[in-house]
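1. sequence plus predicted model, see below.
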Amino acid sequence: YTPQLRPLSSVDTEVFLRMNQDAQKLYVSGVVDGFTFVTYGHGFSNHDAVVKCLNSKNVGDLTAGVVDWLKTHPAFREGLSSAVVQTVNVFCG
């Protein structure tokens, strides 16, 4: 797989859904890593709560949640990282 040229949609939804579970988990983990870095770097008030929540979750469960979210939102056309963050909001909301 070769990522697309646009950084906000480096992996298409259809490609992500066809990836093996390990590749999906790696992608989700990378987004979460970047997301928590950004929340830390910008002093978001709920950073600690999000990090605590994510540390209590299993990456496989979060990845399965992303897959489920994508399947229930077939019209979704944003960058895949947005689907990860929206799933995090459900898991940690």
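-> Looks like it arrived, so ask away.

2. burial of residue 63, as a residue count?
-> Close neighbours of residue 63, defined as other CB atoms under 10 Å, add up to 23. All C-beta atoms are positioned from the backbone trio N, CA, C, and that covers glycine.

3. what of the one 5 residues further on?
-> Burial measure for residue 68: 12 neighbouring residues, criterion other CB under 10 Å.

4. for it, what is the enclosing helix or strand?
-> Residue 68 is part of helix 59-72 when elements are defined by DSSP states H and E.

5. equivalent analysis for residue 35, please.
-> Short version: residue 35 belongs to helix 21-41, going by DSSP H and E.

6. could you name the helices and strands sitting against the helix or strand just after that helix?
-> As assigned by DSSP H and E, the chain's next helix or strand after helix 21-41 is helix 47-55. The contact analysis (3 or more CB pairs under 8 Å, 6 or more residues apart in numbering; DSSP states H and E) places helix 47-55 against helix 21-41, helix 80-92.

7. what about the shortest one, distance to the chain center?
-> A distance of 5 Å separates the C-alpha centroid of helix 80-92 from that of its chain, computed with CA atoms, centre = their mean, to the nearest Å.

8. list the helices and strands it packs on?
-> Secondary elements touching helix 80-92 (3+ CB pairs under 8 Å, 6+ apart): helix 13-18, helix 21-41, helix 47-55, helix 59-72.

9. run the last query once more with 6 Å
-> Based on contacts counted as 3 or more CB pairs under 6 Å, 6 or more residues apart in numbering; DSSP states H and E, the elements that helix 80-92 packs against are helix 21-41, helix 59-72.

10. what sits against the residue nearest the centre of the chain?
-> If you average the C-alpha coordinates of the chain and look for the closest C-alpha using CA atoms, centre = their mean, you land on residue 84, 2.3 Å from that point. Residue 84 makes contacts with 28, 31, 66, as judged by CB atoms under 6 Å, 6 or more residues apart in numbering.

11. from the residues you listed, which is closest to residue 48?
-> Within these, the smallest distance to residue 48 is 19.2 Å, found for residue 31 (CB to CB).

12. what's the neighbour count on that closest one?
-> A total of 22 residues lie near residue 31 under the criterion other CB under 10 Å.
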